[in-house]
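In: Sharing a model prediction with you, sequence too.
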Amino acid sequence: MPDLQQAIQTFFEGCKRIAEAHRQANYPRNPAPEWKLQELQKRFRIVNGSGVHCFIDKATGDVLKAETWARPAKHARGNVFDEHNGLAKMGPYGPAYLR
């Protein structure tokens, strides 16, 4: 199994890259928000400005959409160990809704 910390770090950088490209294309005058990677007990929380971008489960590497500040939604939107590093369904505001 690949290193979780390394996979999460590349996922985090990918999320920032996707959001920054969207900001530059659509809102170039807006300042770039501050990004944070916070380690919680069971998962990591990625914060973009003042909102939660997504969660990552520590046990499985699943990427989870935020339901609230402290809780993720139920179903995984990707995994940091998959071929796309969990970024296949990632948009500038977080993971895609399930369809």
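Out: All right, it came through fine. Residues are numbered from 1 along each chain as shown.
In: Surely Val80 is in contact with Ala7?
Out: Yes - counting by CB atoms under 8 Å, Val80 does reach Ala7; the two are 4.1 Å apart. C-beta here means a position set from N, CA and C on the backbone, and glycine is covered the same way.
In: where do the contact lists of the two overlap?
Out: Common neighbours of Val80 and Ala7, using CB atoms under 8 Å, 6 or more residues apart in numbering, are 61, 86.
In: So between those two, which is more surrounded?
Out: Val80 (25 against 19; other CB atoms under 10 Å).
In: Surely Arg23 forms part of a helix?
Out: Yes - assignment of Arg23 by DSSP: H, G, I helix; E, B strand; the rest coil places it within a helix.
In: any idea how far it is from Asn30?
Out: 6 Å (CB to CB, to the nearest Å).
In: Between those two, tell me which one has more neighbours.
Out: Each of Arg23 and Asn30 has its neighbours counted (other CB under 10 Å); Arg23 has more, 16 against 9.
In: Just the pLDDT at the more buried one, thanks.
Out: Listed pLDDT for Arg23 reads 96.
In: so what's it up against?
Out: Per CB under 8 Å, 6+ apart, neighbours of Arg23: 30, 32, 92.
In: One more pass at 10 Å, please.
Out: Counting by CB atoms under 10 Å, 6 or more residues apart in numbering, Arg23 touches 29-33, 92.
In: just Arg71 next, same as before
Out: With CB under 10 Å, 6+ apart, Arg71 has these contacts: 43, 52, 55, 64.
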